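> How does the following fold in three dimensions:
(3 chains)
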Amino acid sequence: MSSIAMNKPAGFWKKLSTQRQLLWMSLPIVLYVILFTYVPLAGWTMAFQDFKPAKGFASPWVGLKWFVYLFSDDQFVMVMRNTLAMSLINLVFGFTFAIGLALTLNEVAAKRIKSLAQTISYLPHFLSWVVVAGIVSTMLSSDGVFNIILKALGIIKDPIVWLGQPKAFWWIVGFTNVWKEVGWNTIIYLAAMSTIDPSLYEAAEIDGCGRLARIRNITLPGIKPTIVVLIIMNLGWIMESGFEIQYLLRNGMNADYSQSIDIYVVNYGMRQGNYSLATAGGMFKSVVNIVLLLTANWVSGKLGEEKLV
Amino acid sequence: MTLRYGGKLYLSTRSFLAELAFSVYKAIVLSFIVLMTLYPFWNTLVISFNQAVDTTRGGIYFWPRIWTLQNYKSIWVTSNIPNALFISVARAVCSTVLNLFLTTMLAYALSRREFVLRKPFTLIVLLSMYVNAGLFPNYFLLRGLHLNGTFWVYIIPSMISAFNFIVIRTFIKTIPESLFESARIDGTSEFKIFIRFALPLSKPVLATVALFVAVGAWNAWFDTLLYNSAKPELFTLQYQLMALLQQSMNQSKSAADINTAGMAANILASTVTPMSIRSAGTIFATAPILAVYPFLQKYFVVGMNVGSIKE
Amino acid sequence: MRRAILAIASLAALIASPLAAQTVDKLPTTTLPPITITVFTVNTNFPIPPEDNRAYKLIKEKLGVTFKWDIAVGEADQKIGVMIAGQDYPDLLHINSPKFIDAGACIPLEDLIEKYAPNLKKHYQSNPVTWAKMHEKDGHVYCLLDYGIPENGVVDTEYYGPAMFIQKAIMKEAGFPKITTIDQYFDLIAKYKAKHPTTKDGKPTIGFSILTYDWHKFDLCNPPPFLAGYPNDGDGIVDPKTGKYRIQYYGPEAKRWYKLLNGLNDKGLVDRESFTDNYDQYMAKLANGQILGVHDQYWQFQDASKALIAQNRIWETMMPLPIVFDKSIKPHWRDQPLPNLQRGYGISIKAKDPVRIIKFLDAQFDPAWYKIMQWGVEGVDYTYDKSGQPFMTAEQSNRWDDVTWKLHNLAELWWAEAPKYEGHFTKGGLAAALRNNPNLYLSSLRPEDREVLKAYGAYSYSDLMDHNPPVNPPWYPAWQIVPPDGSPEKLAFTKAQDTYAKDLPKVILAKPADFEKEWTAYADDLKKTNIDVFEAYIQKGLDDRMAKYGKLK
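Numbering: from 1, shown residues only, chains lettered A, B, ... in the order given. Reported below is the predicted structural model:
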């Protein structure tokens, strides 16, 4: 990247001047991104102040106070553990279920059934978390569907109050996320699959390939670039384990497993008018995310796979 | 031995059985997924048609206990829905068109391997997805640009999405270079190549991205609160629905305030509850998307097949 | 179209009645030039009124004022944050936290009130302690309190406050006994539950439930001081003799209460799902008549009562009881109305014409205008009977269930935060609240409630809770003292709240043999939260108040 610019300045400018058209197509947009995303980052200085809205950026400087507060809090380790655990569960579930469903849908020959199934599977995406959390709570209550089924199957004798089981919390969140987003997440894979050359399938069929062989040898390789790109991007969201669903399903009994970094920052930062702590938390998240993103990107490149940059 | 099934010829019993097993698997998985994902939506629909106070008792699963249109009626009469719908549609359309055009143009330029600024530019755009300055700096920027109190505050700050950029760029990279190459040799300008080839060839991915952008724009409400809460004529549908939800949530509390103050307490005044308003609001806000959706779907189910162009 | 018809209909009604025309003509008016007042409010209870609203039209016509609204929906605190940071203020600010005042967003009002607002002056200075409390630390008044200053006697009807609630059916079945102690209370519940393990529609009955979801969790920790006879000081207890404050979360009263709950849980009387249910699930249990007893504040579960009333299951609705630990304790559940400090409209530093605005605020603070905004128009929405009491026909009364009617005829949005009368307009005169006037109140009671009230010789449920609540000491209540945003005190307080939400379920659900162990663990966790900084802060606030307004009574 910049090495080109530094080592061969003459060549760089010469090349650039032949690429003026590309420059005009991209530079204004990049400048726009800089203005709307990076210029406001100057506001991260808030994290080093005791920011009060009335004083604005003239608030008193306190150095690393809020970072120290964050990292030395008894809850910090627990909060990080919960965030990473729920993120990883989301990541693994998110990919496997969405790809699995997309592959299944792709194999449905009847167009009407396919598009109907697809449309229905998106529906939960449009529901707010409040609605979904309400349904999940009802299903998991002691007289809810879940306990009824487990009892009927003889797995449990007495109903279990699932939301009062701390260790179950991560998995409840994981499956709720799958439920709400699996259909929506298939969109991108189905779009990628629609670009695979149908003649490849025809040739495979003539060669006598079975369905699984076709999926393994044609469909999956066809969408691999998409999968790799999405995995890298998602690794960059490792600190974003979600906020609302945890917030809505948490209670005193599962508090040790439900508190994610976002909940912590909102409760002890935003809600208290403590914007400096909130900003410090946000900065910390961004740094971790970017480090992971770039690492994943580098590893992927080393493995000869798709890269983002 | 050969078998015929579903109009196809099978060379062996084994492949026939495999096919049959797969059909059964498909039927089961799809039915399960469809039932699972349909249920919460169906439940919301049912609650939206059930009398609000009765819903408080719980136990509404598959069918309303007491039918009513009151929940929809109260949404309609207490706010200016036609105007909010207009603003939301305008916002979704403007955002989608601008986003698609600009993001694709950027993706096209940065998909070109020979472009010397490709890497730094890509990095700048990509990382923008992972940083956020927070409430105050963003507010000051948009206020400084005099976007507050205008319709444009809905559009201008979110014209580029890094996620969509990566998605589109990944797609464009799969378009055979040869297609662009011949045009370039003819001396066609890059912009024209983008308009004439890259844009139309990207239809399947653009349909996907359009759905993402439109739904995102459609569901946003927070910017209305920050920048346009004093301009009822610029309220979006989701903001209106949010306002209604809050009205229903606070009704009991206000009845209490009112009585504490020795004011007119009217115990049965509220005929709506948060759950009912939320359900009716969800249906109200989702219906337009579901109405538009089939038109988009046709693009990515059929798609424009890149492979077939290769020949 | 619909709106137009409605508007015409209401206008026609207005003109048709000669009495109505007369009332409207008699309204106090102004000769000042018309003005548009921009108002920011975080009161999200009411929609923006339509153009044809009757009350606002009259205000525009007679008082020359048009409102432009800015309602903060959703994340009000963040909106207020950016408003302060950008100094983007309209003319009037609805104050509901110390934020605007601390940020210097409002202008001092005491001189304006003195010079231009005789009505407001009379109202706010009717109680010297209240007037003193309205002055902030810098000696200025910034906020026109929206309510909490009753004049000419308190009105005594519905009870919305905290209490130990019990199903009316239980009291009826037991022959309406007069009970005062917590043991009697749970005894009744246990017996009833044994006799009625399910409700009429077959759902299991629940002895005692606790609302713990999200911010509602205060119900988990509020009962001990009440049971020990202390008034509502929220998270702490103030010793009435020494004026010393202490956090009550792990005091002896608390231990007594949770030990009791722990034992009741062992007997199966406590709802184990209390700690995982969300608000809707809690409400559903109440709305199905499953819960026999609960500690709560009535406004939190009013909707559940409505559902039972709609099914005509009045006996399964709840009634409040002033329960205490033992007979020697005098209950103090119900308190006198409190001035709603730092709540109401304030004039912003960006207001163009503060004098014109305060003059309007004073003009609208007139019983005639109060009635237009909240009662409706005489002769159209109510009439007076021979005894001079307001009277409504069934049709007029039913209109109040109609959101559309209210939206087009009353000025609820403005009025909700405006200064207003409380108690009675004049000594021995009409109650300020329409439906609190005796004839209307009594006719609204259901037969079942009449039976209950008659059995206890009470006029109303407020009366049942306490016929004559003691006068509030000048420093009361401690919960009005709140540490500033982002301060260590507030952070410690939040931590302490998180801790009790986490630990108390364990304490309550533990085997009785493990109670002491869990209790010690809970007390240790609380100590770790630094809650004593919060305690010290409140103590200081109380000391200041005692120094200023007189010590203990």
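
> report the longest helix in chain A, please.
Of all segments of type helix in chain A, defined using DSSP state H, the longest is helix A:76-106.

> Just confirm yes or no for that one near chain B.
Yes. Interface with chain B: helix A:76-106 contributes A:101, A:104-105 (CB under 8 Å from any CB of the partner chain). Placement of C-beta: from N, CA and C, glycine included.

> Mind putting those residues into CSV with pLDDT and neighbour count?
As requested, those are exported to CSV (pLDDT from 0 to 100; neighbours: other CB atoms under 10 Å in any protein chain shown):
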residue, pLDDT, neighbour count
A:101, 94, 24
A:104, 92, 19
A:105, 91, 24
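
> Residue C:164 falls within a strand, correct?
Yes. Counting by DSSP: H, G, I helix; E, B strand; the rest coil, residue C:164 is found in a strand.

> and the closest residue to it other than its chain neighbours, what are its phi and psi?
Taking CB to CB, 6 or more residues apart in numbering or on different chains as the measure, residue C:164 lies nearest to residue C:323, with 4.1 Å between them; neighbours along the chain are not counted. Residue C:323 has phi and psi values of phi -90, psi 140 when expressed as degrees, to the nearest 10.

> so residue C:323 sits right up against residue C:185, yeah?
Yes. Under the criterion of CB atoms under 8 Å, residue C:323 makes contact with residue C:185 at 5.0 Å.

> pLDDT weak spots in the chain?
In the absence of a named chain, this looks at chain A. Applying pLDDT under 70 to chain A picks out residues A:1-10.

> actually chain C
Residues of chain C that meet the criterion pLDDT under 70 lie in C:1-18, C:551-553.

> Going along the chain, name the strands of it.
Under the criterion DSSP state E, chain C contains strands at C:35-41, C:65-71, C:92-95, C:144-145, C:162-167, C:206-209, C:236-238, C:245-247, C:291-297, C:318-321, C:344-347, C:383-384, C:390-391.

> In TSV, list these along with mean neighbour count.
Listed next are the strands of chain C as TSV, based on neighbours: other CB atoms under 10 Å in any protein chain shown:
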stretch	mean neighbour count
strand C:35-41	20
strand C:65-71	20
strand C:92-95	27
strand C:144-145	24
strand C:162-167	24
strand C:206-209	23
strand C:236-238	23
strand C:245-247	20
strand C:291-297	24
strand C:318-321	23
strand C:344-347	24
strand C:383-384	14
strand C:390-391	18
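
> now, among the residues of helix A:76-106 next to chain B, which is nearest to residue C:384?
Using CB to CB, the shortest approach to residue C:384 within the residues of helix A:76-106 next to chain B belongs to residue A:101, at 69.5 Å.

> Now render the strands of chain C as JSON lines, adding distance to residue C:536.
Formatted as JSON lines, the entries for the strands of chain C read as follows, by distance: least, CB to CB, whole Å:
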{"stretch": "strand C:35-41", "distance to residue C:536": "35"}
{"stretch": "strand C:65-71", "distance to residue C:536": "38"}
{"stretch": "strand C:92-95", "distance to residue C:536": "27"}
{"stretch": "strand C:144-145", "distance to residue C:536": "28"}
{"stretch": "strand C:162-167", "distance to residue C:536": "26"}
{"stretch": "strand C:206-209", "distance to residue C:536": "35"}
{"stretch": "strand C:236-238", "distance to residue C:536": "11"}
{"stretch": "strand C:245-247", "distance to residue C:536": "9"}
{"stretch": "strand C:291-297", "distance to residue C:536": "28"}
{"stretch": "strand C:318-321", "distance to residue C:536": "34"}
{"stretch": "strand C:344-347", "distance to residue C:536": "30"}
{"stretch": "strand C:383-384", "distance to residue C:536": "56"}
{"stretch": "strand C:390-391", "distance to residue C:536": "51"}
